[in-house]
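J.: Here you go, sequence then predicted model.
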Amino acid sequence: MAVLEDGQNRGVLNDTVPLHILFDVFMGFISRLGLMHTIRQTETPLNAEFDALFVILWRAISKPDA
């Protein structure tokens, strides 16, 4: 959480929501990806789609353009 807090303090991450909410979004995204990857028994590794997944997560937690 310290990394997320630092990102908020530096103005890089969304600071309009409390830190714990930002953390929940981050962890929820990661947890859901891992869980569904396992449930679906997907053979393609998650890191094969790293760039696209990172963009989705980054858009969710980065500071919106004002």
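T.: That came through, no problem.
J.: CA atoms for contacts and neighbours, from now on please.
T.: Fine.
J.: Secondary structure class of Gln41, three-state.
T.: coil (DSSP: H, G, I helix; E, B strand; the rest coil).
J.: Next, count neighbours for Leu46.
T.: When neighbours are defined as other CA atoms under 10 Å, Leu46 has 12 of them.
J.: Chain neighbours aside, what residue packs nearest to it?
T.: His37 (7.7 Å; CA to CA, 6 or more residues apart in numbering).
J.: can you tell me how far the one you found sits from Leu22?
T.: The gap separating His37 from Leu22 is 23 Å, by CA to CA, to the nearest Å.
J.: what about these two, which has more around it?
T.: Neighbours were tallied for His37 and for Leu22 using other CA under 10 Å; the higher tally belongs to Leu22 (22 against 15).
J.: which residues touch the closest residue to that one other than its chain neighbours?
T.: Among residues not flanking Leu22 along the chain, Ile61 sits closest, at 6.6 Å (CA to CA, 6+ apart). Contact analysis of Ile61 by CA atoms under 8 Å, 6 or more residues apart in numbering lists Leu13, Asn14, Leu22, Val25, Phe26.
J.: Any of the residues you listed buried? List them.
T.: By neighbour count, with 16 or more other CA atoms under 10 Å, the contacts of Ile61 hold Leu13, Asn14, Leu22, Phe26 as buried.
J.: mind checking how far the residue nearest to Leu46 is from Thr44?
T.: Taken as CA to CA, the span from His37 to Thr44 is 9 Å.
J.: how about the contacts of Ile61 in a markdown table, adding distance to Asp65 and pLDDT?
T.: Shown next, in a markdown table, are these (distance: CA to CA, whole Å; pLDDT from 0 to 100):
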| residue | distance to Asp65 | pLDDT |
| --- | --- | --- |
| Leu13 | 11 | 97 |
| Asn14 | 10 | 96 |
| Leu22 | 17 | 97 |
| Val25 | 19 | 97 |
| Phe26 | 19 | 96 |
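J.: can you redo these as JSON lines with distance to Arg32 and secondary structure?
T.: Below are the contacts of Ile61 laid out as JSON lines (distance: CA to CA, whole Å; DSSP: H, G, I helix; E, B strand; the rest coil):
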{"residue": "Leu13", "distance to Arg32": "21", "secondary structure": "strand"}
{"residue": "Asn14", "distance to Arg32": "21", "secondary structure": "coil"}
{"residue": "Leu22", "distance to Arg32": "15", "secondary structure": "helix"}
{"residue": "Val25", "distance to Arg32": "10", "secondary structure": "helix"}
{"residue": "Phe26", "distance to Arg32": "10", "secondary structure": "helix"}
